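Engineer: Need coordinates for the following:
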Amino acid sequence: MERALLNTFGTTALSTIDILAGGLSGATTYKIALNGKDYLLKLEPSAPGITAAGKGLTCGEIATRAGVAPPIYYLDPAEGVTISGFIATRPLREVFDSPQKLLGELARTIRSIHAMPLLPKQNNMVAIADGIFKQLAASRTIGADLYAEVADCYAAIREGFPMGGSDMVPSHNDLNPNNLLCDGTRIWVIDWDAAFQNDRYVDLAIAANFFVADEEQARFFLEAYFESAVGDYKIAQLFIMRQLCYLIYGALILMRTGEGKLALASAEEQAAYGRGLLQEGINNIRSPRFQRSLYFVWS
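Structural biologist: Okay, the predicted model is just below:
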């Protein structure tokens, strides 16, 4: 970190340093102030985003060049240190003061992500999901009855829904509100450590789970993304992927809560939130709409 500061600014004399909340990647991020200006400092020891040969652009650099992510001032992928521009963010729902405005801007942002050049990281979505639910079972962070329901619902998706198909695009894979920053005019996307080529509906589903309230908004969101009317097939794709993302996010939150690194009150709140996400996915997968959606996907 000291080397990064010296190479970028010629000094390590920070005015302030504050830790920030992160996303799925596990990176530690800080807001730092130096010479009267704020920056984002990220530490990721696992050095994600490097190509197999150790060359080429990282996912974050590609996003910066595409105008989707803030500027990067320093990057050392081998040591996992990045210094980038800090966005003095405002609440999305304050800037985009109607569901249509917000969902339209989210759709535009996701469309820009999916139009980026090929990302260097390649992962298998099915293998990742399989691994997460195996880890959930081993972690014993939920009771046997709830896990049996989760496993059964994941099996219904795994067997009935074509995950990881041919419609692969550059995907952020963690579009939670912490990673969507608004400068008062537009949305910037940060934390690209979980990015890789993935099914386009993953980004759409994650964003929808945080910002889409009902079926009418879901249709509006998809039509804004595709810039055209959408039929039952695309609506069904989004609905099923949303349930998978509920299960995955719930599992990840509960496993991290079970690591014992949070204060008790915070851990209890996070655990309740994780179980709530699991239950939302379970309820929707048990509903008649899930079977109808599978029919539309295969018809």
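
Engineer: How is the chain divided into domains?
Structural biologist: 2-85, 92-298 (automatic domain parsing).

Engineer: a markdown table for those domains, including mean pLDDT and mean neighbour count?
Structural biologist: (Glycine included, C-beta is placed from N, CA and C.) As requested, the domains of the chain are exported to a markdown table (pLDDT from 0 to 100; neighbours: other CB atoms under 10 Å):
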| stretch | mean pLDDT | mean neighbour count |
| --- | --- | --- |
| domain 2-85 | 83 | 16 |
| domain 92-298 | 93 | 18 |
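
Engineer: show me where the stretch 151-299 of the chain has helices.
Structural biologist: 200-211, 215-226, 232-257, 264-285, 288-298 (DSSP state H, counting those that start in this stretch).

Engineer: next one: the stretch 1-150 of the chain
Structural biologist: Counting by DSSP H, counting those that start in this stretch, the helices of the stretch 1-150 of the chain are 2-9, 59-65, 92-95, 99-114, 125-139, 144-160.

Engineer: Those helices: which one's closest to residue 172?
Structural biologist: helix 99-114 (5.6 Å; CB to CB).

Engineer: doesn't residue 81 make contact with residue 1?
Structural biologist: Yes - assessed by CB atoms under 8 Å, residue 1 is found in contact with residue 81 at 6.2 Å.

Engineer: intersection of neighbour lists for the two?
Structural biologist: 41, 43 (CB atoms under 8 Å, 6 or more residues apart in numbering).

Engineer: The nearest residue to residue 93 once chain neighbours are set aside: what's it in contact with?
Structural biologist: Using CB to CB, 6 or more residues apart in numbering and skipping the chain neighbours, the partner closest in space to residue 93 is residue 102 (6.2 Å). Going by CB under 8 Å, 6+ apart, residue 102 touches 92-93, 96, 211.

Engineer: give me that answer again for 10 Å
Structural biologist: Contacts for residue 102 (CB atoms under 10 Å, 6 or more residues apart in numbering) come out as 92-96, 182, 187, 211-212, 217, 221.

Engineer: try residue 211
Structural biologist: Going by CB under 10 Å, 6+ apart, the list of residues near residue 211 reads 92-93, 96, 99, 102-103, 106, 175, 177, 180, 217, 221.

Engineer: try 6 Å this time
Structural biologist: Applying CB atoms under 6 Å, 6 or more residues apart in numbering to residue 211 gives no contacts.

Engineer: Same question for residue 111.
Structural biologist: Residue 111 neighbours (CB under 6 Å, 6+ apart): residue 225.

Engineer: Please shift the residue numbers so they start at 27 in all later answers.
Structural biologist: New numbering, starting at 27: the last item is residue 137.

Engineer: Look up how far residue 230 lies from it.
Structural biologist: 10 Å (CB to CB, to the nearest Å).

Engineer: shared neighbours of those two, anything?
Structural biologist: Between them, residue 137 and residue 230 share no contacting residue, judged by CB under 6 Å, 6+ apart.

Engineer: one step back: next, format the helices of the stretch 177-325 of the chain as CSV and append distance to residue 194.
Structural biologist: Formatted as CSV, those follow (distance: least, CB to CB, whole Å):
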stretch, distance to residue 194
helix 226-237, 8
helix 241-252, 16
helix 258-283, 14
helix 290-311, 23
helix 314-324, 17
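
Engineer: nearest to residue 99, of those?
Structural biologist: Here helix 226-237 is closest among the helices of the stretch 177-325 of the chain (CB to CB), at 26.3 Å.

Engineer: Dump that closest one to PDB, restricted to CA.
Structural biologist: Once non-C-alpha atoms are left out, helix 226-237 reads as follows in PDB (Å, rounded to 0.1, in the frame of the first residue of the first chain):
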ATOM      1  CA  ARG A 226     -26.600 -11.800 -19.300                       C
ATOM      2  CA  TYR A 227     -29.500 -12.500 -17.000                       C
ATOM      3  CA  VAL A 228     -27.300 -12.800 -13.900                       C
ATOM      4  CA  ASP A 229     -26.600  -9.000 -13.800                       C
ATOM      5  CA  LEU A 230     -30.200  -8.300 -14.700                       C
ATOM      6  CA  ALA A 231     -31.500 -10.700 -12.000                       C
ATOM      7  CA  ILE A 232     -29.200  -9.300  -9.200                       C
ATOM      8  CA  ALA A 233     -30.200  -5.700 -10.000                       C
ATOM      9  CA  ALA A 234     -33.800  -6.700 -10.200                       C
ATOM     10  CA  ASN A 235     -33.700  -8.400  -6.800                       C
ATOM     11  CA  PHE A 236     -32.700  -5.100  -5.200                       C
ATOM     12  CA  PHE A 237     -34.700  -2.600  -7.300                       C
END
